[in-house]
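Visitor: Got a predicted structure plus its sequence, pasted below:
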Amino acid sequence: MKFVFISDTHGLHNELVLPKGDILIHGGDISDRGTREEVVAFLNWFGELDYSTKIFIGGNHDIFLDENPVDLLELIPSSVIYLRNSSTTINGIRIWGSPVTPDFESWAFGKSRRDMEEHWKYMPTEIDILLAHTPPAGILDKSSEQRALGCKYLLTKVEAIKPRFHLFGHIHSSYGLVKIRDTEFINGANLHSIKGLVNPPIVFEFEK
């Protein structure tokens, strides 16, 4: 199956040139100001795209998703899967997604770093594709100031679970791919904080 991964579009999703594929995944920050109007615009666009499966999570900018979970369920198209610390299985491929990020406590889905260990305890032990908004510590997590901003507790869980793929975004300046032992790590942030929406979607293939 061919997967297309995008993240951190911040309301500029219409500018993307999307390649063909079977499953489209968005890693959060679908909106910029976190408004209902931005979310509705994204969902209308996302729901009409020609992929057999479309999956997304929230990010720290997506305030409406965090504060209005009941209203959100009424807006999500039937062709779209929304993961919020939850999982789905597609053709035997187990996908689990979480929008939570450390340090952004006044933003959407934010937790203090000391609370992140407790959060990840609820992650299943068998995951093929782990989707999170935040990167793990030390892997594609450096800011433009070269500060490592990933989550050390998430890294510990990834090392224990060994998903085939770990998808994330959040840190715009660390877009790219790296394989470490059993896991391929992908930061799919399409938005560059200075240059704009310049990073293309990342495509990978995976069969269970």
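Guide: Everything's here; your move. Numbering: from 1, shown residues only.

Visitor: pull the longest helix from the chain.
Guide: When every helix of the chain is counted residue by residue (DSSP state H), the longest turns out to be helix 36-47.

Visitor: mean confidence score for it?
Guide: Regarding helix 36-47, the rounded mean pLDDT is 98.

Visitor: One more: stretch 173-184?
Guide: The average pLDDT for stretch 173-184 rounds to 97.

Visitor: That stretch: which residues count as buried?
Guide: By neighbour count with 16 or more other Cβ atoms under 10 Å, stretch 173-184 contains the buried residues 173-175, 183-184. In this view, the C-beta of every residue, glycine as well, is placed from N, C-alpha and C.

Visitor: Return that stretch as PDB; C-alpha atoms alone will do.
Guide: Provided in PDB are the C-alpha atoms of stretch 173-184 (Å, rounded to 0.1, in the frame of the first residue of the first chain):
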ATOM      1  CA  SER A 173      12.900  22.900  10.500                       C
ATOM      2  CA  SER A 174      13.600  19.200  10.900                       C
ATOM      3  CA  TYR A 175      11.600  17.900   7.900                       C
ATOM      4  CA  GLY A 176      12.900  14.600   6.600                       C
ATOM      5  CA  LEU A 177      13.400  10.900   7.100                       C
ATOM      6  CA  VAL A 178      15.800   8.700   9.000                       C
ATOM      7  CA  LYS A 179      15.800   5.000   9.700                       C
ATOM      8  CA  ILE A 180      17.100   3.900  13.100                       C
ATOM      9  CA  ARG A 181      17.200   0.100  13.700                       C
ATOM     10  CA  ASP A 182      13.600  -1.200  13.300                       C
ATOM     11  CA  THR A 183      11.800   2.100  12.800                       C
ATOM     12  CA  GLU A 184      11.700   4.600  10.000                       C
END
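
Visitor: Check the gap between residue 66 and residue 8 for me.
Guide: 16 Å (Cβ to Cβ, to the nearest Å).

Visitor: what number of residues lie near residue 62?
Guide: 29 (other Cβ atoms under 10 Å).

Visitor: what's the closest non-adjacent residue to it?
Guide: residue 108 (4.9 Å; Cβ to Cβ, 6 or more residues apart in numbering).
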